[in-house]
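K.L.:
pasting the structure only:
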């Protein structure tokens, strides 16, 4: 859904169903119901607040920010969801850090090989530096992991859905135990699919394919993206 300026003082709401929503509606069995919705601020540049102050900055954002057109692909929409917290005085939200088994992770890039290191256990944790407790309302019970299904899968987990065009598969993963800061963690095993030479030539440089995996907290909307580099064994 998007709010579009129609060159007057009015706002026009542009709302569309995602491809998954259209498929459910097409079932025509009475089960399709809109029970929840989310809002996001993907377009907003908050450095404007820092530059012009809260009052003038908010006015500039509301009047000058272009709004994205509503997306039919769920994997592309709402990357930065808005969040209502029990404590309105909270000024910092957690970030999400990544760790992985072995030597597969360097910075924000996870490296896998089709011949040897075909999989790695990945852990994502919420944290805020220099605080004792993460604010209530930011912890997650469930995470959605978006994986490029052409190249990767999550071992031992069922696919929730796959976008037909982009081939992005989504998985629902239950969170692990809380951290010492009361943050949420989630772990899953990421592994390569059987990839042939044609796949490496079409989607990579013949030897390496680089792609992105995203982890989103279902309750908080917090998002962590990391790069997966898949090397062809020689």
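P.N.:
It's in. Since the structure is predicted, the reported quantities are computational estimates derived from the model, not experimental observations.

K.L.:
next helix or strand past the longest helix belonging to the chain?
P.N.:
Looking only at the chain and at elements set by DSSP state H, the helix with the highest residue count is helix 54-64. For helix 54-64, the succeeding helix or strand toward the C-terminus, using DSSP states H and E, is strand 95-100.

K.L.:
Packing partners of that following strand?
P.N.:
The elements that strand 95-100 packs onto, with contact taken as 3 or more Cβ pairs under 8 Å, 6 or more residues apart in numbering; DSSP states H and E, are strand 119-127, strand 223-231. For the C-beta atoms, the positions are set from N, CA and C on the backbone; glycine is no exception.

K.L.:
Can you say which of those strands is nearest to residue 52?
P.N.:
Distances from residue 52 to each of the helices and strands packed on strand 95-100 were compared by Cβ to Cβ, and the smallest falls on strand 223-231, at 26.8 Å.

K.L.:
Only the buried residues of the closest one, if you could.
P.N.:
223, 224, 226, 228, 229, 230, 231 (16 or more other Cβ atoms under 10 Å).

K.L.:
Check pLDDT for those residues and point me to the minimum.
P.N.:
Summarising pLDDT for the buried residues of strand 223-231: the lowest-scoring member is residue 223, with 88.

K.L.:
Could you find the closest non-adjacent residue to that one?
P.N.:
In space, and not counting its chain neighbours, residue 223 is closest to residue 216: 4.9 Å by Cβ to Cβ, 6 or more residues apart in numbering.

K.L.:
Would you agree the one you found is in contact with residue 144?
P.N.:
Yes. Under the criterion of Cβ atoms under 8 Å, residue 216 lies in contact with residue 144, with a separation of 4.9 Å.
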